[in-house]
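# can't give you the sequence, but here's the structure:
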């Protein structure tokens with residue numbers, strides 16, 4: 001199922017207003033298709049849903065997680081340090097228009113904010129979201145390299161002497177985590193390869 005249909009289906013549990021659903025989808029599509037997005041785009045969302053599909057039965061509220069995927073990078077500016085906060089605020093505003101329950105909205109907001117530091121959460125659903133978000137780190141090295149090149153393009157405003165130290169800091173942060181992946185499923189699937197990939201990128205920087 002394509003992203004648009006998936007989003008429409010998600011909204012259909014909360015509203016019959018097709019105009020509203022359509023305008024919310026258009027906003028998502030427009031934001032994730034912005035010119036500077038080489039990685040944080042609609043393909044990233046597709047990949048996350050593909051990863052999460054395999055563990056759907058382990059996720060207690062797949063609706064909340066699905067909305068979290070759609071909104072987690074809706075605001076993305078390479079020069080900003082508060083993308084996650086802005087994305088969470090945007091999600092809260094839009095999901096209120098859909099009349100989602102307040103508790104569900106605040107849970108979705110928490111999920112989105114967790115993608116900032118990628119620390120293990122007491123909420124297992126959040127951990128699945130974080131792992132899907134980082135799954136590219138554990139792909140084969142060719143795919144991983146393409147990802148690093150896309151990220152570099154997103155940060156093209158910065159010259160190497162600024163970009164490289166920043167990138168190294170991010171990569172070392174991942175290696176210093178107890179484990180990059182929080183759930184058993186993703187840890188088993190991607191952890192070893194992710195550490196190899198990151199170590200290799202650090203060598204290349």
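Received, thanks. Keep in mind the model is a prediction, meaning the values are calculated, not measured.
# contacts for the longest helix anywhere in the chain, please.
What stands out as the longest helix in the chain, according to DSSP state H, is helix 184-204. For helix 184-204, the surrounding residues in contact (Cβ atoms under 8 Å, 6 or more residues apart in numbering) are 51, 54-55, 58, 128, 131-132, 134-135, 137-141, 144, 148, 167-168, 171-172, 174-175, 179-181. All C-beta atoms are positioned from the backbone trio N, CA, C, and that covers glycine.
# among these, name the buried ones.
51, 55, 128, 131-132, 134-135, 137-139, 144, 148, 167, 171, 180-181 (16 or more other Cβ atoms under 10 Å).
# low-confidence ranges, this protein, go.
Across the chain, nothing is flagged by pLDDT under 70.
# quick check, central residue of it?
The centre of the chain sits closest to residue 133, judged by Cα atoms, centre = their mean, with a distance of 4.2 Å.
# not counting its neighbours along the chain, what's nearest that residue?
Distances taken as Cβ to Cβ, 6 or more residues apart in numbering put residue 115 closest to residue 133, at 5.6 Å, once the chain neighbours are dropped.
# what residues does stretch 63-71 touch?
Stretch 63-71 is contacted from outside by 3, 6-7, 10, 13, 28, 45, 48-49, 52, 59, 87-88, 90-91, 94-95, 100, 104, 107-108, 111-112, 125, 128-129, 132, using Cβ under 8 Å, 6+ apart.
# and stretch 149-162, how far apart are its ends?
Separation of the first and last residues of stretch 149-162 by Cα to Cα, to the nearest Å is 16 Å.
# err, stretch 56-75, not the other one
With Cα to Cα as the measure, stretch 56-75 spans 26 Å from end to end.
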